[in-house]
Every structure is written in structure tokens, then in C-alpha cells.
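J.: output the structure for:
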Amino acid sequence: MLSRQQQDAIRQRIVEAGIVQFLANGYEATSVDAIAEAAGVSRRSVFRYFETKEDIVLTWAMSTGPGLVRELDGLDCITDTVRAALDAVSRHVGRHEGEHPVSLAVGRLIERTPSLRARAHEKYLGWEDLLSDALTVRGAAPVAARMAAALAIGGLRIAAREWVAGEGRRPIGDILAEAYGPFCEL
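T.: Here you go, the predicted structure:
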């Protein structure tokens, strides 16, 4: 019986190996066997942690969600809920600038793969729930928190798609600031 920490480490190895394999060989061309070999686990272990290859990509994409919530610390979540949500997402994007090349590559992979593209919305919905719940815990009214989270994450989704479509020529932070601009005037 593996400890929770050991299970988390195996799960993380599978995710990292999967992303490397997908980016190197393409999503469709990457087999579960190749991911298992790269992660140093059995094929059965991959399926113990993930039902599909799509789940591996989604797990990678969702992994920074808790960091997004921490960006709310020190922000006024009660009287300026929308601004807090927008600022948290902007800070989060800026804090992960070093990871943008990999994020751009994964974004391209997602856009080129219909099944991944459909599943990518799960990431955004998950982040929206995390952000909304965190705003509510920090004192925001639940409906206001939900709306602020939807606006902030919707803007992120639009900015990310523009960023990927533009091959990353413009920094995602600039695109996000443009998307959020009209709402920062409120």
C-alpha cells in the first residue's frame, strides 16, 4: 500500500512524462505505453491514476489553480470583488511567466486536438469554481463572487486562445490586460 505522498509523486511523474511525450510526438501518436515507460511505471499504473490521456493533459492544466487562489491574499474581495478576481488572475499569469513557453506549446496541442479542446473547458470551469469559492470564503457575496470569477476566468480563456492563435507573439499578460481593460474602469 502506497502512502498518499507516494501516490501523488507517481501521479505527478505520469503527468510530466505525458506532457513531454505529447509535445514531442503529438497527442494522437503518443501511446499510454510510451507515457508509462517515460514515467517509469506500468501501463496499469497509468490507468490507475488516469482514465484517459485527456485526463493527463487536464490535470497538468489544472495544476496551478490553487496558486491562482493564493493571489487573492491581500486583495479587497468584499467591496471590490470583480477587481480582486481580475487582479488575482493577472498576478497569476505574471507569476508563471517562466512557464509560458510550455503553456503555449500545450495550448497549441489542445487547439489542434478536438477531444482536448472540448475538455479544456473543464479546466476553466474548475478554475472558476475555485476562484468563486475563494472569493466567498474571503467575504464576497456568493452571487458577486460567481460573477467576478466568471468574468475573470472568461477573460483568461479568451486571452489564452488569442495568445495561442497568435503563436505567442504578444505576451499573454498584454492580451489579458486588453481583455480586462473595460472592466477595470467600473
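
J.: when you work out contacts or count neighbours from here on, use the C-alpha atoms and nothing else.
T.: Noted.

J.: mind splitting the protein into its structural domains?
T.: 4-52, 64-184 (automatic domain parsing).

J.: check which helices and strands the host helix or strand of Trp127 sits against.
T.: Using DSSP states H and E, Trp127 maps to helix 114-137. Helix 114-137 sits against helix 53-62, helix 65-70, helix 81-95, helix 100-112, helix 142-165, with contacts defined as 3 or more CA pairs under 8 Å, 6 or more residues apart in numbering; DSSP states H and E.

J.: shaky segments in this structure?
T.: Filtered on pLDDT under 70, the chain yields the residue ranges 185-186.

J.: mind checking which of the domains of the chain is nearest Leu58?
T.: Closest of these to Leu58 is domain 64-184, at 6.5 Å (criterion: CA to CA).

J.: hmm, back to that, possible to save the helices and strands packed on helix 114-137 as CSV with distance to Gly40 and mean neighbour count?
T.: Shown next, in CSV, are the helices and strands packed on helix 114-137 (distance: least, CA to CA, whole Å; neighbours: other CA atoms under 10 Å):
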stretch, distance to Gly40, mean neighbour count
helix 53-62, 16, 19
helix 65-70, 27, 17
helix 81-95, 31, 21
helix 100-112, 22, 17
helix 142-165, 32, 20
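
J.: a markdown table for those, including distance to Lys123?
T.: Putting those into a markdown table (distance: least, CA to CA, whole Å) gives the following:
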| stretch | distance to Lys123 |
| --- | --- |
| helix 53-62 | 6 |
| helix 65-70 | 9 |
| helix 81-95 | 14 |
| helix 100-112 | 12 |
| helix 142-165 | 10 |
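
J.: sec struct for Asp73, please.
T.: Here Asp73 is recorded as coil under DSSP: H, G, I helix; E, B strand; the rest coil.

J.: quick one, phi/psi of it?
T.: phi -60, psi 130 (degrees, to the nearest 10).

J.: one more: Arg138?
T.: Dihedral angles (degrees, to the nearest 10) for Arg138: phi -90, psi 10.

J.: what residues are up against it?
T.: Cys77, Ile78 (CA atoms under 8 Å, 6 or more residues apart in numbering).

J.: equivalent analysis for Thr79, please.
T.: Contacts of Thr79 by CA under 8 Å, 6+ apart are Ala140.

J.: relative to Ser31, how far out is it?
T.: Separation of Thr79 from Ser31 (CA to CA, to the nearest Å): 50 Å.

J.: again, but for Asp80
T.: The value you get for Asp80 to Ser31, if CA to CA is used, is 47 Å.

J.: good, wrapping up.
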